[in-house]
Each structure stands twice: as structure tokens, then as C-alpha cells.
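**Q** Need coordinates for the following:
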Amino acid sequence: FVSRAKPALHEFASVPGVQESMIDVVRFVQHLTVAPGVAPELPLAAAASNSTEPDSWRWISRRCGPCVIQAGDLDVVDSSTFYERPMYLPLKDQHLLTV
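**A** Okay, here's the model as predicted:
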């Protein structure tokens, strides 16, 4: 049985099953190290790199608790510019949360 976690409505909310406060989780996500990957030679790459809009990234982890979720457990599920400017998380052991 796989269920989807209920999202936190604000940073002071708590999420059932997550041991850290949302303030700590947000702080851990803000400290993630993101590095540029190798971009394919596409005509869209030049246009995407000149964009003034911020990149939007959605990540997913398929781990079930009890366990620790680290940066290496995350997979990109959606990004507006992933194929034009791929990114990856080089430090796989950065702590995010405990479920």
C-alpha cells in the first residue's frame, strides 16, 4: 500500500511521520548542494540559459520509514528546464529528514 503524504500548509506545520520540524526540513533543503550536469547540445539550451524565470524542480523519494532521507534518495520528477540545463546533487549524504 502506497500513500501520498499530506503537504505542509506552512513552515510551522508538522507532517505526520516526519520527526523534524518543517523549519528544519526547509533549512536542510536550502542547504542542498546542486551542481550543473552535462547539457546536451540542443537549440533550446541557449534560449533557456537566457531566461529570467527561476527554475522549478520537483523531487520525489520512494523510501518508506522508518529511515533517514538523504539527498541521494531524491529523484527529479519534473523540471521546467531539466533537459536544457540538467542539474544533479553531488553530495549524496546530505541529511533532509527522518520518517
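**Q** now the residue lying closest to residue 7 once chain neighbours are set aside, what's its secondary structure?
**A** Spatial nearest neighbour of residue 7, excluding adjacent residues (C-beta to C-beta, 6 or more residues apart in numbering): residue 15 at 7.8 Å. C-beta: built from backbone N, CA, C; applies to glycine. Secondary structure, DSSP: H, G, I helix; E, B strand; the rest coil: residue 15 is coil.
**Q** Got the confidence number for residue 15?
**A** pLDDT recorded at residue 15 is 78.
**Q** what's the answer for residue 43, then?
**A** pLDDT, residue 43: 50.
**Q** longest single helix anywhere in the chain?
**A** Once the chain is assigned using DSSP state H, the helix that runs over the most residues is helix 22-30.
**Q** What is it packed up against?
**A** strand 95-98 (3 or more C-beta pairs under 8 Å, 6 or more residues apart in numbering; DSSP states H and E).
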